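Novice: Provided below for reference: sequence and predicted model.
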Amino acid sequence: MDSYVDWHAAKAALDWQVEMGITEAISEVPINRFEQVAPPPKAGLIPAASAPVTPVLPQATVDPAAEAEAAAQGAGDLASLQAALAAFPHCELKKGARNLVFADGTPGARVMIVGEAPGRDEDRIGKPFVGRAGQLLDRMLAAIDLGRDRDGVASVYITNVLPWRPPQNRDPKPDEMAMMLPFLKRHIALAKPSVLVVMGNISCQALLGKRGITRLRGQWAESAGCPVLPMFHPAYLLRNPAAKRDAWADLLALKAHLSN
């Protein structure tokens, strides 16, 4: 076989292929372009620096109850406690409320009444027990010679488990109560009452860890270093007038305790 190749003929054939648009050589085996990888960098060349990767750090977990405890314990008097409550950022109820409902009556009174949460009138005025339930409470206290506007041994001091009104007057949620409990206990410690009167299921749950006011009412207990008398909430008495007889018995028990 003649292995001689005419150089001029080969070049002419190659020029013709270029004119026809054939610019790449075809091998005997097809090339899979998807499997091709970038060639390694040539020796002596430094690859371009990639953009720095910022590590994603886990966000710190906020414990609202722990922060409430620290804020409450840092309050040295009632005014400081009220300011700490107003500045507390973690309770969502604050966003929908008009006013912080802190307390009413005489600080240092022998009797401290703990209600559940502000209602519409309380939220509007900024004081606890000022609606229909509050008016009934005032009449109940007056029947045993006590009152929020009285002085000395006849005075009372009033607050709530929650300082902000829940939407639509719903019951407080467990996490809301847990956030506010350190403030309530510090409130009691600073007010230094001789007796706590807790009104309603929410108050009993917060300070006694129990619910079932029909069973608990009239039964003396202890919480926050004070004797505790559970009673029906005045709002319950407005809905259930027949329970006023039991409320009167509890008021007489409170009067007897104070006399002793």
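Specialist: In hand now; what should we look at? Numbering: from 1, shown residues only.

Novice: residue ranges with poor pLDDT in the stretch 1-150 of the chain?
Specialist: Counting by pLDDT under 70, the stretch 1-150 of the chain shows low-confidence ranges at 1-5, 7, 21, 23-60.

Novice: please enumerate the helices of it.
Specialist: Counting by DSSP state H, counting those that start in this stretch, the stretch 1-150 of the chain has helices at residues 7-19, 64-73, 78-87, 93-96, 120-125, 132-142.

Novice: please go through the protein and pick out the longest helix.
Specialist: If you go by DSSP state H, the chain has its longest helix at helix 174-191.

Novice: how far does it sit from the chain's center?
Specialist: Remark: helix 174-191 is offset 13 Å from the chain centroid, using Cα atoms, centre = their mean, to the nearest Å.

Novice: buried sites along that helix?
Specialist: 176-177, 179-191 (16 or more other Cβ atoms under 10 Å). All C-beta spots, glycine's among them, are computed from the backbone N, C-alpha and C.

Novice: from those residues, pick the one nearest residue 115.
Specialist: Distance to residue 115 across the buried residues of helix 174-191 (Cβ to Cβ) is lowest for residue 184, with 11.0 Å.

Novice: quick check: closest non-adjacent residue to the closest one.
Specialist: residue 161 (5.9 Å; Cβ to Cβ, 6 or more residues apart in numbering).

Novice: what is the burial count for that neighbour?
Specialist: 23 (other Cβ atoms under 10 Å).

Novice: surely it touches residue 177?
Specialist: Yes: using Cβ atoms under 8 Å, residue 161 is in contact with residue 177, at 6.3 Å.

Novice: need the residues touching each of these two.
Specialist: Shared contacts of residue 161 and residue 177 (Cβ atoms under 8 Å, 6 or more residues apart in numbering): 202, 206.

Novice: can you pull the pLDDT of residue 248?
Specialist: Among the per-residue scores, residue 248 holds a pLDDT of 98.

Novice: for the helix or strand just after the longest helix of the chain, name the packing helices and strands.
Specialist: Remark: after helix 174-191, the chain's next helix or strand is strand 195-199, criterion DSSP states H and E. Counting contacts by 3 or more Cβ pairs under 8 Å, 6 or more residues apart in numbering; DSSP states H and E, strand 195-199 packs against strand 111-115, helix 201-208, strand 226-231, helix 244-259.

Novice: which of these is buried the deepest?
Specialist: Most buried of the helices and strands packed on strand 195-199, by mean neighbour count (mean count of other Cβ atoms under 10 Å): strand 111-115, with a mean of 26.

Novice: paired strands for it, with orientation please.
Specialist: strand 156-160 (parallel), strand 195-199 (parallel) (DSSP bridges).

Novice: and the last one with helix 174-191, angle?
Specialist: The directions of strand 195-199 and helix 174-191 differ by 150 degrees, with axes from the mean of the first three to the mean of the last three Cα atoms, to 10 degrees as the criterion.

Novice: how far away from the center of its chain is strand 195-199?
Specialist: 25 Å.

Novice: now it and helix 201-208, what's the angle there?
Specialist: Using the same axes, to 10 degrees: strand 195-199 against helix 201-208 is 140 degrees.

Novice: CA atoms of strand 195-199 as PDB?
Specialist: What follows is strand 195-199, C-alpha atoms only, in PDB (Å, rounded to 0.1, in the frame of the first residue of the first chain):
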ATOM      1  CA  VAL A 195     -53.500  38.700 103.800                       C
ATOM      2  CA  LEU A 196     -53.900  37.800 100.100                       C
ATOM      3  CA  VAL A 197     -57.400  37.500  98.700                       C
ATOM      4  CA  VAL A 198     -57.200  35.700  95.300                       C
ATOM      5  CA  MET A 199     -60.300  36.100  93.200                       C
END
